[in-house]
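> Structure for this input, please:
(2 chains)
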Amino acid sequence: MKVATWNVNSLNVRLPHVLEWLGSSSPDVLVLQEIKQTTEAFPAGTFAEAGYHAMASGQKTYNGVAILSRSPPTDPVTDMPGFDDPQRRVLAATVNGVRVVNLYVPNGSEVGSEKYTYKLGWLKALKGFLANELGAFDKLVVLGDFNIAPDDRDVYDPEKWGDAILCSPPERAALRELMDLGLTDVFRQFDQPEKAFSWWDYRAAGFRRNAGLRIDLILASPVLAGSCSASYIDREPRTWDRPSDHTPVIAEFSV
DNA sequence: ATGGTGGTCCAACCA
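Below you'll find the predicted structure:
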(Lines give C-alpha, C1' and ligand atoms only; values in the text may rest on other atoms or scores of the structure.)
Protein backbone atom coordinates (compact mmCIF):
# COMPACT_ATOMS: atom_id res chain seq x y z
CA MET A 1 0.00 0.00 0.00
CA LYS A 2 1.40 3.31 -1.14
CA VAL A 3 0.26 6.27 0.94
CA ALA A 4 1.01 9.96 0.55
CA THR A 5 0.30 13.31 2.15
CA TRP A 6 0.11 16.72 0.50
CA ASN A 7 -0.86 20.14 1.82
CA VAL A 8 -2.34 21.62 -1.35
CA ASN A 9 -3.07 25.18 -0.10
CA SER A 10 -6.49 25.43 -1.83
CA LEU A 11 -7.87 22.43 -3.69
CA ASN A 12 -9.74 24.83 -5.99
CA VAL A 13 -6.43 26.07 -7.35
CA ARG A 14 -4.51 22.81 -7.07
CA LEU A 15 -7.06 20.29 -8.40
CA PRO A 16 -5.22 19.92 -11.74
CA HIS A 17 -1.97 19.26 -9.86
CA VAL A 18 -3.60 16.63 -7.67
CA LEU A 19 -5.15 14.86 -10.66
CA GLU A 20 -1.83 14.96 -12.51
CA TRP A 21 0.00 13.55 -9.52
CA LEU A 22 -2.57 10.80 -8.91
CA GLY A 23 -2.14 9.76 -12.53
CA SER A 24 1.66 9.70 -12.47
CA SER A 25 2.20 8.30 -8.96
CA SER A 26 -0.81 6.01 -8.47
CA PRO A 27 -0.94 6.11 -4.66
CA ASP A 28 -3.44 3.81 -2.94
CA VAL A 29 -4.16 6.61 -0.47
CA LEU A 30 -3.55 10.35 -0.76
CA VAL A 31 -4.48 12.64 2.11
CA LEU A 32 -4.84 16.37 1.56
CA GLN A 33 -4.67 19.36 3.88
CA GLU A 34 -5.78 22.97 3.46
CA ILE A 35 -8.39 22.19 0.85
CA LYS A 36 -9.94 25.56 1.84
CA GLN A 37 -13.40 24.62 0.64
CA THR A 38 -16.62 23.33 2.15
CA THR A 39 -17.46 19.63 2.14
CA GLU A 40 -20.27 20.50 -0.31
CA ALA A 41 -17.80 22.11 -2.73
CA PHE A 42 -15.32 19.19 -2.51
CA PRO A 43 -15.00 17.65 -6.02
CA ALA A 44 -15.69 14.02 -5.06
CA GLY A 45 -17.14 13.30 -8.50
CA THR A 46 -13.96 14.36 -10.26
CA PHE A 47 -11.91 12.05 -8.07
CA ALA A 48 -14.37 9.22 -8.72
CA GLU A 49 -13.76 9.66 -12.46
CA ALA A 50 -10.04 9.37 -11.71
CA GLY A 51 -10.64 6.08 -9.89
CA TYR A 52 -10.57 7.31 -6.29
CA HIS A 53 -13.04 7.22 -3.47
CA ALA A 54 -12.94 10.53 -1.64
CA MET A 55 -14.19 12.00 1.60
CA ALA A 56 -13.61 15.41 3.09
CA SER A 57 -14.06 17.41 6.24
CA GLY A 58 -14.24 20.82 4.66
CA GLN A 59 -14.21 24.44 5.80
CA LYS A 60 -14.65 27.63 3.88
CA THR A 61 -11.46 29.72 3.34
CA TYR A 62 -9.30 27.97 5.93
CA ASN A 63 -8.14 24.45 6.80
CA GLY A 64 -10.11 21.46 5.51
CA VAL A 65 -8.83 17.89 5.08
CA ALA A 66 -9.61 15.02 2.71
CA ILE A 67 -8.81 11.35 2.08
CA LEU A 68 -8.62 9.89 -1.43
CA SER A 69 -8.30 6.10 -1.75
CA ARG A 70 -8.52 3.31 -4.30
CA SER A 71 -10.57 1.21 -1.87
CA PRO A 72 -13.56 2.70 -0.06
CA PRO A 73 -12.78 4.42 3.25
CA THR A 74 -15.01 3.48 6.19
CA ASP A 75 -15.72 4.60 9.75
CA PRO A 76 -14.80 8.28 9.36
CA VAL A 77 -14.00 10.42 12.39
CA THR A 78 -13.67 14.20 12.08
CA ASP A 79 -13.27 15.31 15.68
CA MET A 80 -11.03 14.50 18.62
CA PRO A 81 -12.97 13.44 21.72
CA GLY A 82 -13.12 16.18 24.36
CA PHE A 83 -11.80 18.87 22.01
CA ASP A 84 -14.57 20.97 20.52
CA ASP A 85 -13.16 22.83 17.55
CA PRO A 86 -14.84 24.44 14.55
CA GLN A 87 -11.54 24.20 12.62
CA ARG A 88 -11.53 21.19 10.30
CA ARG A 89 -8.10 19.63 10.82
CA VAL A 90 -8.74 15.91 11.41
CA LEU A 91 -10.08 13.14 9.21
CA ALA A 92 -9.60 9.49 10.13
CA ALA A 93 -10.91 6.52 8.16
CA THR A 94 -10.17 2.84 7.59
CA VAL A 95 -8.88 1.72 4.18
CA ASN A 96 -8.13 -1.95 3.46
CA GLY A 97 -7.79 -2.67 7.17
CA VAL A 98 -5.36 0.20 7.71
CA ARG A 99 -6.48 3.06 9.93
CA VAL A 100 -5.51 6.33 8.25
CA VAL A 101 -5.40 9.50 10.35
CA ASN A 102 -5.02 12.67 8.30
CA LEU A 103 -3.90 15.74 10.28
CA TYR A 104 -3.49 19.43 9.65
CA VAL A 105 -1.73 20.49 12.84
CA PRO A 106 -2.16 24.22 13.66
CA ASN A 107 0.71 26.43 12.49
CA GLY A 108 0.98 28.33 15.76
CA SER A 109 1.99 31.66 14.20
CA GLU A 110 4.58 32.76 16.78
CA VAL A 111 5.93 31.22 19.98
CA GLY A 112 3.92 32.65 22.88
CA SER A 113 0.97 33.79 20.76
CA GLU A 114 -2.67 32.79 21.24
CA LYS A 115 -2.37 30.55 18.20
CA TYR A 116 0.67 28.89 19.77
CA THR A 117 -1.33 28.09 22.90
CA TYR A 118 -4.05 26.66 20.69
CA LYS A 119 -1.47 24.53 18.87
CA LEU A 120 -0.10 23.03 22.09
CA GLY A 121 -3.61 22.35 23.41
CA TRP A 122 -4.53 20.74 20.11
CA LEU A 123 -1.46 18.50 20.27
CA LYS A 124 -2.35 17.46 23.81
CA ALA A 125 -5.82 16.40 22.66
CA LEU A 126 -4.21 14.62 19.73
CA LYS A 127 -2.10 12.52 22.08
CA GLY A 128 -5.24 11.19 23.79
CA PHE A 129 -6.93 10.57 20.46
CA LEU A 130 -3.96 8.68 19.01
CA ALA A 131 -3.48 6.61 22.17
CA ASN A 132 -7.05 5.44 21.66
CA GLU A 133 -6.57 4.78 17.94
CA LEU A 134 -3.40 2.76 18.66
CA GLY A 135 -5.37 0.66 21.11
CA ALA A 136 -8.06 0.00 18.53
CA PHE A 137 -6.01 -0.51 15.36
CA ASP A 138 -2.95 -2.68 14.83
CA LYS A 139 -2.19 -1.04 11.49
CA LEU A 140 -2.26 2.71 11.99
CA VAL A 141 -0.72 5.45 9.88
CA VAL A 142 -0.82 9.07 11.06
CA LEU A 143 0.17 11.51 8.36
CA GLY A 144 -0.22 15.08 7.33
CA ASP A 145 1.10 18.59 7.83
CA PHE A 146 2.47 18.47 11.38
CA ASN A 147 3.81 22.02 11.29
CA ILE A 148 6.75 20.74 13.39
CA ALA A 149 10.25 19.99 12.12
CA PRO A 150 11.30 16.94 14.20
CA ASP A 151 14.97 17.91 14.52
CA ASP A 152 17.75 20.06 13.12
CA ARG A 153 18.27 17.81 10.10
CA ASP A 154 14.80 18.87 9.05
CA VAL A 155 15.64 22.58 8.91
CA TYR A 156 17.63 24.33 6.16
CA ASP A 157 19.45 26.60 8.61
CA PRO A 158 18.85 25.46 12.19
CA GLU A 159 20.99 28.20 13.72
CA LYS A 160 19.10 30.92 11.94
CA TRP A 161 15.70 29.37 12.64
CA GLY A 162 16.61 28.72 16.30
CA ASP A 163 13.71 27.94 18.63
CA ALA A 164 11.15 29.82 16.53
CA ILE A 165 7.76 28.46 15.51
CA LEU A 166 7.77 24.96 13.98
CA CYS A 167 10.98 24.18 15.92
CA SER A 168 10.39 25.35 19.49
CA PRO A 169 11.22 22.84 22.25
CA PRO A 170 7.59 22.55 23.48
CA GLU A 171 6.41 21.71 19.96
CA ARG A 172 9.15 19.15 19.49
CA ALA A 173 8.42 17.70 22.93
CA ALA A 174 4.76 17.33 21.98
CA LEU A 175 5.77 15.47 18.81
CA ARG A 176 8.12 13.30 20.83
CA GLU A 177 5.25 12.39 23.17
CA LEU A 178 3.15 11.31 20.19
CA MET A 179 5.98 9.14 18.90
CA ASP A 180 6.53 7.69 22.39
CA LEU A 181 3.02 6.23 22.12
CA GLY A 182 4.59 3.87 19.58
CA LEU A 183 4.71 5.77 16.31
CA THR A 184 7.72 5.86 13.99
CA ASP A 185 8.69 8.62 11.55
CA VAL A 186 9.11 6.19 8.64
CA PHE A 187 11.05 8.70 6.51
CA ARG A 188 14.00 8.27 8.91
CA GLN A 189 13.95 4.48 8.62
CA PHE A 190 15.76 4.92 5.31
CA ASP A 191 18.87 6.67 4.00
CA GLN A 192 17.84 10.10 2.79
CA PRO A 193 19.54 12.92 0.93
CA GLU A 194 20.85 15.84 2.97
CA LYS A 195 18.47 18.78 3.23
CA ALA A 196 15.33 16.89 2.29
CA PHE A 197 12.36 19.16 2.89
CA SER A 198 8.61 19.09 2.25
CA TRP A 199 7.75 22.80 2.53
CA TRP A 200 9.38 25.98 1.25
CA ASP A 201 8.08 29.47 2.01
CA TYR A 202 6.71 31.28 -1.03
CA ARG A 203 8.53 34.36 0.23
CA ALA A 204 12.20 35.14 -0.35
CA ALA A 205 12.54 32.48 -3.08
CA GLY A 206 12.51 29.69 -0.52
CA PHE A 207 12.36 26.84 -3.02
CA ARG A 208 15.06 28.20 -5.30
CA ARG A 209 17.42 28.42 -2.31
CA ASN A 210 16.14 25.10 -0.87
CA ALA A 211 15.35 27.13 2.25
CA GLY A 212 12.80 24.62 3.48
CA LEU A 213 11.67 22.46 6.38
CA ARG A 214 10.46 18.89 6.68
CA ILE A 215 7.14 19.35 8.46
CA ASP A 216 4.97 16.88 6.53
CA LEU A 217 5.35 13.52 8.26
CA ILE A 218 4.21 9.91 8.03
CA LEU A 219 4.11 8.14 11.38
CA ALA A 220 3.31 4.44 11.60
CA SER A 221 2.38 1.94 14.31
CA PRO A 222 4.89 -0.87 15.03
CA VAL A 223 3.26 -3.42 12.73
CA LEU A 224 3.02 -0.97 9.87
CA ALA A 225 6.44 0.64 10.41
CA GLY A 226 7.92 -2.86 10.26
CA SER A 227 6.34 -3.38 6.86
CA CYS A 228 7.49 -0.06 5.40
CA SER A 229 9.69 -0.62 2.33
CA ALA A 230 10.31 3.00 1.28
CA SER A 231 9.63 6.61 2.16
CA TYR A 232 10.59 9.67 0.16
CA ILE A 233 9.69 13.20 -0.84
CA ASP A 234 8.61 14.03 -4.39
CA ARG A 235 9.88 17.56 -5.07
CA GLU A 236 8.57 17.69 -8.60
CA PRO A 237 5.12 19.18 -7.98
CA ARG A 238 6.83 22.10 -6.20
CA THR A 239 8.47 22.95 -9.56
CA TRP A 240 5.15 23.11 -11.41
CA ASP A 241 3.40 26.29 -12.42
CA ARG A 242 1.47 27.89 -9.53
CA PRO A 243 2.56 25.27 -6.99
CA SER A 244 1.48 24.64 -3.43
CA ASP A 245 4.15 25.65 -0.93
CA HIS A 246 4.25 21.95 0.13
CA THR A 247 5.14 18.87 -1.93
CA PRO A 248 3.98 15.24 -1.54
CA VAL A 249 5.59 12.87 0.97
CA ILE A 250 5.19 9.16 0.29
CA ALA A 251 5.51 5.85 2.16
CA GLU A 252 5.16 2.32 0.81
CA PHE A 253 3.98 -0.55 3.00
CA SER A 254 3.79 -4.25 2.17
CA VAL A 255 0.29 -4.73 3.52
C1' DA B 1 17.93 45.57 7.55
C1' DT B 2 13.94 45.06 5.32
C1' DG B 3 10.73 42.85 2.76
C1' DG B 4 9.67 39.14 -0.34
C1' DT B 5 4.63 35.46 -2.03
C1' DG B 6 0.35 33.35 -2.33
C1' DG B 7 -4.92 32.07 -1.20
C1' DT B 8 -9.27 33.84 0.03
C1' DC B 9 -12.03 37.36 -1.23
C1' DC B 10 -11.95 42.92 -1.75
C1' DA B 11 -9.85 44.31 3.83
C1' DA B 12 -7.57 41.67 6.37
C1' DC B 13 -6.28 37.34 7.85
C1' DC B 14 -3.54 33.19 7.50
C1' DA B 15 0.57 30.73 6.35
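> How about the residues of chain A by DNA strand B?
Applying CB under 7 Å from any atom of the strand, one finds that chain A approaches DNA strand B through A:9-10, A:12-13, A:36, A:60-62, A:106-107, A:109, A:115, A:147, A:202-204, A:242. (Each C-beta comes from the backbone N, C-alpha and C, glycine too.)
> Swap in 6 Å and give it another go.
Near DNA strand B, the residues belonging to chain A are A:9-10, A:12-13, A:36, A:60-62, A:106-107, A:109, A:115, A:202-204, A:242 when assessed by CB under 6 Å from any atom of the strand.
> These: which two are farthest apart?
Put simply, by CB to CB the two of those set farthest apart are A:K60 and A:A204, 29.5 Å from each other.
> between these two, who's got more neighbours?
A:K60 (13 against 9; other CB atoms under 10 Å).
> didn't that one look like it was pressed against A:T38?
Yes. Counting by CB atoms under 8 Å, A:T38 is a contact partner of A:K60 at 5.3 Å.
> A:I218 is in what secondary structure piece?
Using DSSP states H and E, A:I218 sits within strand A:216-220.
> Direction included, what does that strand pair against?
Strand A:216-220 has the following strand partners under DSSP bridges: strand A:140-145 (antiparallel), strand A:184-185 (antiparallel).
> Deepest in the core, which of these is it.
strand A:140-145 (a mean of 27; mean count of other CB atoms under 10 Å).
> Which residues does that strand contact?
A:3, A:5, A:7, A:31, A:33-34, A:65, A:98-105, A:130, A:133-134, A:178, A:183, A:199, A:215-221, A:224, A:246, A:249, A:251, A:253 (CB atoms under 8 Å, 6 or more residues apart in numbering).
> Show me the residues of chain A next to DNA strand B that map onto helices.
A:12-13, A:115 (DSSP state H).
> ok, so of the residues you listed, who is nearest A:W21?
Among those, and counting by CB to CB, the member closest to A:W21 is A:V13, at 14.1 Å.
> close enough to count as contact, the closest one and A:R242?
Yes. A:V13 is in contact with A:R242 according to CB under 8 Å; the separation is 6.7 Å.
> between these two, who's got more neighbours?
Ranked by neighbour count (other CB under 10 Å), A:V13 and A:R242 place A:V13 first, with 13 against 8.
> Tell me how far the more buried one lies from A:F129.
Separation of A:V13 from A:F129 (CB to CB, to the nearest Å) stands at 30 Å.
> One more: A:V8?
A:V8 is 24 Å from A:F129, where distance means CB to CB.
> Those two: which has the busier surroundings?
A:V8 (26 against 22).
> the helices in the stretch 51-200 of chain A, which residues?
A:114-136, A:158-161, A:169-180 (DSSP state H, counting those that start in this stretch).
> Kindly reformat those helices as CSV and extend each row with mean pLDDT.
Formatted as CSV, those follow (pLDDT from 0 to 100):
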stretch, mean pLDDT
helix A:114-136, 98
helix A:158-161, 97
helix A:169-180, 98
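> Turn those into TSV, including distance to A:G51.
Converted to TSV, those look like this (distance: least, CB to CB, whole Å):
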stretch	distance to A:G51
helix A:114-136	28
helix A:158-161	40
helix A:169-180	33
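> okay, which residue is most central for chain A?
By CA atoms, centre = their mean, chain A has its centre lying nearest to A:G144, at 0.9 Å.
> From A:L19, how far off is it?
As judged by CB to CB, A:G144 and A:L19 stand 20 Å apart.
> A:G162 too?
Where A:L19 is concerned, A:G162 sits at a distance of 39 Å (CB to CB).
> the more surrounded of these two?
Of the pair A:G162 and A:L19, A:L19 is the one with more neighbours under other CB under 10 Å, namely 16 against 11.
> which helices and strands sit right next to the helix or strand containing that one?
Of the helices and strands defined by DSSP H and E, A:L19 is found in helix A:11-25. The contact analysis (3 or more CB pairs under 8 Å, 6 or more residues apart in numbering; DSSP states H and E) places helix A:11-25 against strand A:2-7, strand A:29-33, helix A:44-49, helix A:236-239.
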